[in-house]
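Student: Make a model of this:
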Amino acid sequence: MDKLPDSLHFAGIGGIGMSGLAQMALALGHEVSGSDRAYGKEENKALFDALIAQNAKIYPQDGSRYEEGEQPGAIVYSTAVEKTNPDFEKAPSGMEFLHRSQAMSLAINELKCENNFAVAGTCGKTSCTALLAEALKVLGADPGVLCGGLVNAFKTEKMAGNFAKGAGKYFVIEADESDKSLLNYPVDAAMVLNIGTDHYSREELCEVFGRFLIQTKHIAVVQDEAYLEMKSHLPPPVGHLEKMLFSTNGNTPSSIDGIKVIKALDYQKERSGVFTVKIDGMRAILPAPGLYTAANACAVYTALLLLGFAPKDAIEAVQDFHGVWRRFDLAGRMANGAKVYDDYAHNVEKILSCLSAAKEVASGRVIALFQPHGFAPLSFMREELFAKLENTLSSMDVFGFLPVYYAGGSASFTPTSDEVALSYIQKTNSPGGRMNNFLSFSDRNSARDYVRKNGKEGDVVLVMGARDNSLSFYAKELADS
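Tutor: Residues are numbered from 1 along each chain as shown. The predicted model follows:
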């Protein structure tokens, strides 16, 4: 298939990536319909309202789309959609199926943008995609964006914030490595933020991101540590790229292999309460706490330099950021004085970064409530997460597991949150173990009762977890309690 059909049906249209792509297809003039088993849930209302406002037709996920009118030219699906999905099983014979990345590639070609900038990495993709797009907007470039989060600066009465068409010169894309689909669409400029523990081994991620850079046409921004780790996977073809590295490590040299390194140094909390960092020697006010926020700002500043913007303009642009939904959002303050924050953190690196930011704004302890986003991810991270938490949490902090989020489909249903929490408790009580406070809650109500009883002025209650937007409502419920 060399172009998108006039009519498309999205199986799982309510997903953050699928809904953005559906809005992109609508903006390009295609007829769009979709189904989703989460349709009708309050936490997904913003996305579905935006789709309907843009004339998408939403159906129950029971195959009923095929009972009405002319059939769609293709079904768009993601890796998360099971083969037993009714939209698959009831599809008319000969129906064309397009993976999300294939449809995205065709849509990007149809958009005819001058510069497709894809942001990759195991952590920070959504925030950096949003920050780069908003910085370009501040600089007057009117960029397009396709993001894995609802970007506050791009929300309108009809648009949810995870897609904007833009004027055509720049289109910023969040590039997904979870199913390696970032290798399936055209990229003019690339960013690799980091390599962590998510989806694949570090070795395999090095290979994936290396191939991603090899396929990039013009420029690349890469974290210094990621570059060094990928060196064995970067054969001579990557030499065609104009490159810059970025770093938050003061010991990193000013250039590596002849590639300039832009540094973010002297990260600190000012007396006024704001967080600042020196980027390329210039002091910048950060929109949120956390060293990872400084790294994101440095990465985007570096990208703007490579795109030809002046350093002073670039540094001013990265300071004017209005954030992304569920990225260290302050949900409010509880009656007992504890502040409640909501975050999408779900893998080891993101959880640790989020905890570090929470500890910076807390004068008391951190009470973390984490909902694993699947049984397989919890199994994948359980050993490394424990080791990292042991070095991050104080004896006063609390790390509580909520029940594993199950969205349907095939699952092992093991390990449970109870099992993982118990194993952590056993390890902390063993010789050499530290007495950290690990808990497992049977449901959200019991966790709410715990923080109501134990939270105090100066504490931070941190709600973390992916895929389940109802966690945002839960965080607000806690703040109102």
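Student: So which other helices or strands are in contact with the strand or helix carrying N116?
Tutor: Using DSSP states H and E, N116 sits in strand 115-120. If you count contacts as 3 or more CB pairs under 8 Å, 6 or more residues apart in numbering; DSSP states H and E, strand 115-120 packs onto helix 125-138, strand 170-174, strand 189-192, helix 202-215. C-beta here means a position set from N, CA and C on the backbone, and glycine is covered the same way.
Student: Nearest to S64, out of those?
Tutor: Among the helices and strands packed on strand 115-120, strand 170-174 comes nearest to S64, with 31.4 Å by CB to CB.
Student: pLDDT on the closest one, on average?
Tutor: Averaged across strand 170-174, pLDDT comes to 97.
Student: and that strand, what does it pack onto?
Tutor: helix 100-111, strand 115-120, helix 125-138, strand 144-146.
Student: May I see the buried residues of the first one?
Tutor: Buried residues in helix 100-111, defined by neighbour count with 16 or more other CB atoms under 10 Å: 100-108, 111.
Student: where exactly do the strands run in the stretch 351-481 of the chain?
Tutor: 366-370, 398-401, 437-440, 460-464 (DSSP state E, counting those that start in this stretch).
Student: Just say which of those strands is most tucked in.
Tutor: strand 460-464 (a mean of 28; mean count of other CB atoms under 10 Å).
Student: sorry, back to before: which one of the helices and strands packed on strand 115-120 lies nearest to G161?
Tutor: Closest to G161 of the helices and strands packed on strand 115-120, according to CB to CB: helix 125-138, at 8.7 Å.
Student: what angle sits between the closest one and strand 170-174?
Tutor: 170 degrees (axes from the mean of the first three to the mean of the last three CA atoms, to 10 degrees).
Student: Show me which strand runs longest in this protein.
Tutor: Determined from DSSP state E, the single longest strand within the chain is strand 259-269.
Student: any weak-confidence spans in this structure?
Tutor: Where the chain drops to pLDDT under 70, the residues are 197-200, 234-237, 409-410, 430-436.
Student: Let me see the domain layout of it.
Tutor: Domain ranges of the chain: 7-102, 113-319, 329-480, per automatic domain parsing.
Student: Give me the spatial nearest neighbour of L28, chain neighbours excluded.
Tutor: Of all residues not flanking L28 in the chain, E110 sits nearest, at 5.4 Å (CB to CB, 6 or more residues apart in numbering).
Student: and that neighbour, how far is that from E96?
Tutor: 16 Å (CB to CB, to the nearest Å).
Student: list the buried ones in stretch 175-194?
Tutor: Buried residues in stretch 175-194, defined by neighbour count with 16+ other CB under 10 Å: 175-177, 180-185, 187-194.
Student: what's stretch 320-328 in contact with?
Tutor: Here stretch 320-328 makes contact (CB atoms under 8 Å, 6 or more residues apart in numbering) with 126-127, 130-131, 134-135, 138, 147, 149-153, 161, 287-290, 329, 341-344, 354, 357, 469, 471-472.
Student: Centre-most residue in the protein?
Tutor: The residue lying closest to the centre of the chain (CA atoms, centre = their mean) is T126, at 3.9 Å.
Student: pretty sure that residue contacts V145?
Tutor: No: applying CB atoms under 8 Å, one finds T126 not in contact with V145, separated by 10.8 Å.
Student: What is the burial count for R271?
Tutor: By the measure other CB atoms under 10 Å, the count of residues near R271 is 5.
Student: Torsion angles phi and psi at it?
Tutor: phi -60, psi -30 (degrees, to the nearest 10).
Student: picking up where we left off before, out of the contacts of stretch 320-328, which are inside helices?
Tutor: 126-127, 130-131, 134-135, 138, 354, 357, 471-472 (DSSP state H).
Student: Name the pair among those residues with the greatest separation in space.
Tutor: Farthest pair in those (CB to CB) is V138 and L471. Separation: 30.1 Å.
Student: Which of the two has more residues huddled nearby?
Tutor: Neighbour comparison, V138 and L471: the larger count goes to L471, with 25 against 16 (by other CB under 10 Å).
Student: so what's the closest residue to that one other than its chain neighbours up against?
Tutor: Nearest residue to L471 in three dimensions, chain neighbours excluded: G465, at 5.1 Å (CB to CB, 6+ apart). For G465, the contacting residues are 344-346, 370-373, 402, 405, 471, by CB under 8 Å, 6+ apart.
Student: do that again at 6 Å, thanks
Tutor: The contact partners of G465, taken as CB atoms under 6 Å, 6 or more residues apart in numbering, are 371, 373, 471.
Student: do the same with D266
Tutor: Contacts of D266 by CB under 6 Å, 6+ apart are K278.
Student: where's it relative to G250, distance?
Tutor: 8 Å.
Student: residues of the helix with the most length in the chain that come out buried?
Tutor: Longest helix of the chain, by residue count under DSSP H: helix 375-392. Of the residues in helix 375-392, 375, 377-378, 380-382, 385-386, 388-389, 392 count as buried by neighbour count, 16+ other CB under 10 Å.
Student: one step back: now the helices and strands packed on strand 115-120 in a markdown table, with distance to M230?
Tutor: Putting the helices and strands packed on strand 115-120 into a markdown table (distance: least, CB to CB, whole Å) gives the following:
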| stretch | distance to M230 |
| --- | --- |
| helix 125-138 | 17 |
| strand 170-174 | 20 |
| strand 189-192 | 8 |
| helix 202-215 | 5 |
